[in-house]
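Undergrad: Generate coordinates for the sequence data below:
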Amino acid sequence: MIAADPDHELRYKPMTYGGSLDHLEFVEVTPIIGREYTKAKIKDILHASNAEEQIRDLAVIISERGVVFFRENQQDLTVDELKEFTDLVGKLSGRPKENGLHVHPLYRDPGNIPMGNGETDENIYVINSEAAKKLYKTMAGKDSKEPKNLSREWHSDATFEICPSDFSCLIMEETPPHGGDTLWCSGYEVYDRISPPMRAFLDTLTATCAQPVFRSACTAGGYEVMSPRGSPLNVGDEFAPVHPVVRTNRQTGWKSIFAGVGLHVTKINDVYEYEDRMIREYIMILITLNHDCVARMHWTKGAAAIWNNSCVWHAATPDTHLVEGAVRTGIRASSIGEQPYLDPASTSRREALGLPRA
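TA: The predicted structure is shown next:
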């Protein structure tokens, strides 16, 4: 059992909000997860006279709320500004100094289509369903004729790396009139929905997060995978790191379910096969039963979202093929954080805030 140790100091001192964003209008998406800034422009935050203070405060809000939406059209933000903004959110919130933005592993793939401006960038992932079909055509089970299992959509970004993404920022360039929503689920709250004895057990577990499609895509395409990818530790083409099932968020000091479910998690380590399946199904059931843990974004042209991958999963809704003429494209930059860890001094979110058990 890895219980909170009051005599042990947290590895990272929790960040506190300084008030620099109090002038911005916002609504909380739900009581548990998500905030939406209704009129704010990322460009204004990035170029404010106290930009670092505002971005640091925004990192606190993202880390506590899980995900932040910017509803106003953000398409005046250049690609370089999107990269700078995302990089600063990670840097100013204490990520390892040697880390930067994630590099798309399959950047050299001819199926990696350009952004809307016709350019490509190794630090930008283009959200496009047609491109995804080309990039991930070697993924196992892709040609299954069975109904789509949407539980497979849940993931946090770059879990297949030794150092995954801490923050990801996505600007949606083109959206259909309906469909294509994205959902985020709070790993903090899912952890708090678990009984103390079960939480103590999950605290001891790790998971293998293998994603062999990157190696198979490079082999099929005859090119080398990009390396390093935002951290000196993210090298090579193995893409099968071991991460804790429960991790500590460095910005808050709160525990979250992390490598327990989703697209990149291939097995829970050191348990029997049935137990592995049972644990992952149990966590997925918690996500689907507790929809108050979920924030949903209906995209509008130019809207943006930035989230903390250490404490939320997200899932796209793959239903745009049902909308005639639907186009859904966007660009995403991701900062690379530390190697996931579970701090003995960390607590759950509700424990830290003095809230009753769910």
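Undergrad: ok, now which ones touch residue 174?
TA: Residue 174 is in contact with 116, 301, 327-330, counting by Cβ atoms under 8 Å, 6 or more residues apart in numbering. Backbone N, C-alpha and C define where each C-beta goes, glycine included.
Undergrad: should've said residue 248
TA: 10-11, 254-256, 341-343, 346.
Undergrad: Name only those of the residues you listed that count as buried.
TA: 10, 254-256, 342-343, 346 (16 or more other Cβ atoms under 10 Å).
Undergrad: Tell me which residues are up against stretch 9-16.
TA: The contact list for stretch 9-16 (Cβ under 8 Å, 6+ apart) reads 56, 59-60, 63, 93-94, 248, 250-253, 341, 343, 345-346.
Undergrad: Out of the residues you listed, which comes closest to residue 101?
TA: Closest approach to residue 101 among those (Cβ to Cβ): residue 93, at 14.3 Å.
Undergrad: Where do the helices of this structure begin and end?
TA: Along the chain, counting by DSSP state H, helices occupy 42-46, 51-65, 79-91, 129-135, 187-192, 196-202, 213-221, 273-289, 349-353.
Undergrad: Quick check: buried residues in stretch 200-207?
TA: 201-203, 205-207.
Undergrad: May I see those residues organised as JSON lines, with pLDDT added?
TA: Below are these laid out as JSON lines (pLDDT from 0 to 100):
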{"residue": "201", "pLDDT": "98"}
{"residue": "202", "pLDDT": "98"}
{"residue": "203", "pLDDT": "98"}
{"residue": "205", "pLDDT": "98"}
{"residue": "206", "pLDDT": "98"}
{"residue": "207", "pLDDT": "98"}
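Undergrad: which ones are touching the most centrally placed residue in the chain?
TA: With distances taken as Cα atoms, centre = their mean, residue 309 lies nearest the centre of the chain, 3.1 Å away. Applying Cβ under 8 Å, 6+ apart, we find residue 309 in contact with 156-159, 164-168, 334, 337.
Undergrad: ditto for residue 179
TA: With contacts defined as Cβ under 8 Å, 6+ apart, residue 179 is in contact with 317, 319-320, 322-323, 326, 328.
Undergrad: Which strand residues bridge the closest residue to residue 70 other than its chain neighbours?
TA: Closest residue to residue 70 apart from its sequence neighbours, by Cβ to Cβ, 6 or more residues apart in numbering: residue 304 at 4.2 Å. Residue 304 forms beta bridges with residue 70, residue 171, as assigned by DSSP bridges.
Undergrad: where does the stretch 51-200 of the chain have low pLDDT?
TA: Under the criterion pLDDT under 70, the flagged ranges of the stretch 51-200 of the chain are 129-147.
Undergrad: and with 90 instead?
TA: Along the stretch 51-200 of the chain, segments meeting pLDDT under 90 span 109-119, 127-153, 174-180.
Undergrad: neighbours of the spatially closest residue to residue 227 that is not a sequence neighbour, just the number please.
TA: Excluding its sequence neighbours, the residue lying closest to residue 227 (Cβ to Cβ, 6+ apart) is residue 235, at 4.7 Å. Residues lying near residue 235 (other Cβ atoms under 10 Å) number 14.
Undergrad: Residue 80 now?
TA: Residue 80 - counted by other Cβ under 10 Å - has 10 other residues nearby.
Undergrad: same deal with residue 151?
TA: 16.
Undergrad: what do you get for the one 3 residues further on?
TA: Residue 154 is surrounded by 23 other residues when neighbours are defined as other Cβ under 10 Å.
Undergrad: swap in the one 3 residues further on?
TA: Neighbour count for residue 157, taken as other Cβ under 10 Å: 23.
Undergrad: sorry, back to before: looking at the buried ones among the contacts of residue 248, spot the one nearest residue 73.
TA: Taking Cβ to Cβ as the measure, residue 73 lies nearest residue 256 of the buried ones among the contacts of residue 248, at 31.6 Å.
Undergrad: Cool, thanks, talk later.
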